[in-house]
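J.: coords please:
(one chain, ligands or ions: 1)
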Amino acid sequence: MAVRSRHSDGRSATGTDEPLASVPVIQARDLAKSYPEGPAVRGVDLTVPAGQTFGFLGPNGAGKTTTIAMLCTLTAPSAGRAWVAGHDVVADAHRVRRQIGLVFQDTTLDQGLTAWENLRFHARLHGVPAADARTRARDLLDLAGLSRRRDSLVGTFSGGMKRRLEIVRGLMHRPRVLFLDEPTIGLDPQTRAQIWHHLHELRRRERVTLFLTTHYLDEAEHCDRIAIIDDGRIIAEGTPAELKTVIGADRVELRSSDDRAAAAQLRDRFGLHATEGEGSLRVRVEDGAAFVPRMCAALTVAIRSVTVVRPSLDDVFFHYTGRTIRETDQGARR
Ligand code: ATP
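T.: All right, here's what the predicted structure looks like:
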């Protein structure tokens, strides 16, 4: 395998546009943005390996959109540096733009054009040769499940169809990274699930890195890695499973014929302190699934139901911020 050196700024020493495979596709070092009203992003470090789905998670106003805007060259950082596909987002902004696709919160599709025309127009803007653009548009419409509607005006599409079209449009010029700002916001749960199905498929087929923001914690479970941002700072980063290990334990919820006796037996036989909540007893144990049969065998009271609750990203967010993401969002809306 050929080994090539790279400059300290992450660019290829060959001076070509081609990034090095070993270089993370996105890097940020102490990236910050301040407005006269105050700081929006307060020094963010990020390393995103190529080919991953990276989730940027945080409540309203946390700094997600501002960070994406800096990585996409739409806003100049006030401090720090960032590289996308090996190119500096300030010094090499035009090279960065060639390597990225963007899907914004608000649609930028032309509602008065057909799906096909929207894709072809985008291809022309990005200098994709016409023959290539035709094949590409056909493939991507197929991937988005929109082939049958290719000649319909986008204005007649549902919210989910527009989103799918917008996502594949961002891939027309074969970017290495697709940035998506809240790709599922405002969509119903079924459509959100469908968008995620398409995103997984696109990532697999196109080998593109997906960098997306969300404030839906359940959606962050779809990501390979997550960074949680709050008040302009990254407060935790890792895989969903890694992040959940900080919570450490499963919660076992038990409904029984005699909660007081059950609590005493849990204490005496397992040394566990049970808390009461919503009509059930709750204990924290390392491996809930393994504990349940032992518990059922040991308790002499009648057991009505047992539920094992795995640690969630809600628990993780609460652990780091002392708030649930919903409380934070409500605070931001007030
Ligand atoms: P949301 O999910 O609501 O889009 P976000 O996490 O993307 O939130 P940002 O949009 O990045 O958050 O905003 C971060 C902070 O920076 C907020 O306090 C916001 O008011 C502020 N901010 C963003 N853009 C500007 C601007 N152009 N001028 C002044 N303040 C701004």
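J.: quick check: which ranges of the chain have low pLDDT?
T.: Residue ranges of the chain with pLDDT under 70: 1-23, 326-334.
J.: what segments of it are helices?
T.: For the chain, applying DSSP state H gives helices covering 64-71, 93-98, 115-125, 130-143, 159-169, 189-206, 217-220, 240-245, 259-270, 288-298, 313-321, 325-333.
J.: and stretch 217-233, how far apart are its ends?
T.: Stretch 217-233 has an end-to-end distance of 18 Å (C-alpha to C-alpha, to the nearest Å).
J.: swap in stretch 55-63?
T.: Stretch 55-63 has an end-to-end distance of 13 Å (C-alpha to C-alpha).
J.: shouldn't Gly159 be in contact with Gln190?
T.: No - if you go by C-beta atoms under 8 Å, Gly159 and Gln190 don't touch, sitting 11.4 Å apart. Any C-beta I mention is one placed from the backbone N, CA and C, and that applies to glycine too.
J.: more neighbours: those two, which one.
T.: Taking other C-beta atoms under 10 Å, Gly159 and Gln190 do not tie; Gly159 has more neighbours (13 against 9).
J.: give me the nearest residue to the more buried one, chain neighbours excluded.
T.: Of all residues not flanking Gly159 in the chain, Leu187 sits nearest, at 5.7 Å (C-beta to C-beta, 6 or more residues apart in numbering).
J.: quick one: contacts for that neighbour?
T.: 159-160, 163, 195 (C-beta atoms under 8 Å, 6 or more residues apart in numbering).
J.: by proximity to the ligand, which residue of the stretch 201-334 of the chain wins?
T.: His215 (5.7 Å; C-beta to the nearest ligand atom).
J.: which residues touch that residue?
T.: Counted by C-beta under 8 Å, 6+ apart, His215 has contacts 57-60, 64, 182, 325, 329.
J.: which among those count as buried?
T.: Buried subset of these (neighbour count, 16 or more other C-beta atoms under 10 Å): 57-59, 64, 182, 325.
J.: against His87, how distant is His94?
T.: To His87, His94 is 9 Å away according to C-beta to C-beta, to the nearest Å.
J.: the more surrounded of the two?
T.: His87 (25 against 8).
J.: wait, the more buried one sits on Arg95?
T.: Yes - with contacts counted by C-beta under 8 Å, His87 reaches Arg95, the gap being 4.2 Å.
J.: residues contacting the residue at minimal distance from the centre of the chain?
T.: For the chain, the residue nearest the mean C-alpha position is Gly55 (2.3 Å; C-alpha atoms, centre = their mean). Residues in contact with Gly55 (C-beta under 8 Å, 6+ apart) are 212-214, 219-220, 222-223, 225-227.
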